[in-house]
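S.K.: Sequence and predicted structure are below.
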Amino acid sequence: ETVGSALRENETLTSVDLSQNRIQNVGCFELANALFVNDTLLELNLMLNEISVPGATYLLDNIERNNSLHILNLNGNEALEQTEEGKQTVIAINNALRKK
């Protein structure tokens, strides 16, 4: 929750690496809410955080509303890599980022 709060108020950070922090879906929800209002973050690394489809889907919804984020690393989140629904969610996120 603290990181999400900080990102909501951030006006200077352009890159954040939160890899290997066990953020899981609950943390994803908080980060996604921060992305809704943050307009400075360009890159977010969420590698190896035990994120599954619900968390990634919530991220996708807010990424589509965020104009600044261009790079999101979700590598190593097994639930996203090992299920068809997870793979499709990652593809949708990548497509949303490419449109910016």
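M.R.: In hand now; what should we look at?
S.K.: Which per-residue confidence value corresponds to the residue nearest in space to the middle of the chain?
M.R.: Centroid-nearest residue in the chain: Leu59, 5.0 Å away (criterion: C-alpha atoms, centre = their mean). Note for Leu59: predicted pLDDT of 94.
S.K.: Over to Thr2?
M.R.: So Thr2 comes in at 84 (pLDDT).
S.K.: now Asn33
M.R.: 93.
S.K.: Over to stretch 48-56 now: how far is its first residue from its last?
M.R.: From its first residue to its last, stretch 48-56 covers 13 Å (C-alpha to C-alpha, to the nearest Å).
S.K.: Return the mean pLDDT over that stretch, rounded to an integer.
M.R.: pLDDT averaged over stretch 48-56 gives 96.
S.K.: Off-centre distance for it?
M.R.: 9 Å (C-alpha atoms, centre = their mean, to the nearest Å).
S.K.: rewinding a little: my read: the residue nearest to the centre of the chain touches Asn33, true?
M.R.: No. Counting by C-beta atoms under 8 Å, Asn33 is not a contact partner of Leu59; they are 10.1 Å apart. C-beta here means a position set from N, CA and C on the backbone, and glycine is covered the same way.
S.K.: ranges for the strands of this protein?
M.R.: Counting by DSSP state E, the segments of the chain that form strands are 15-17, 43-45, 71-73.
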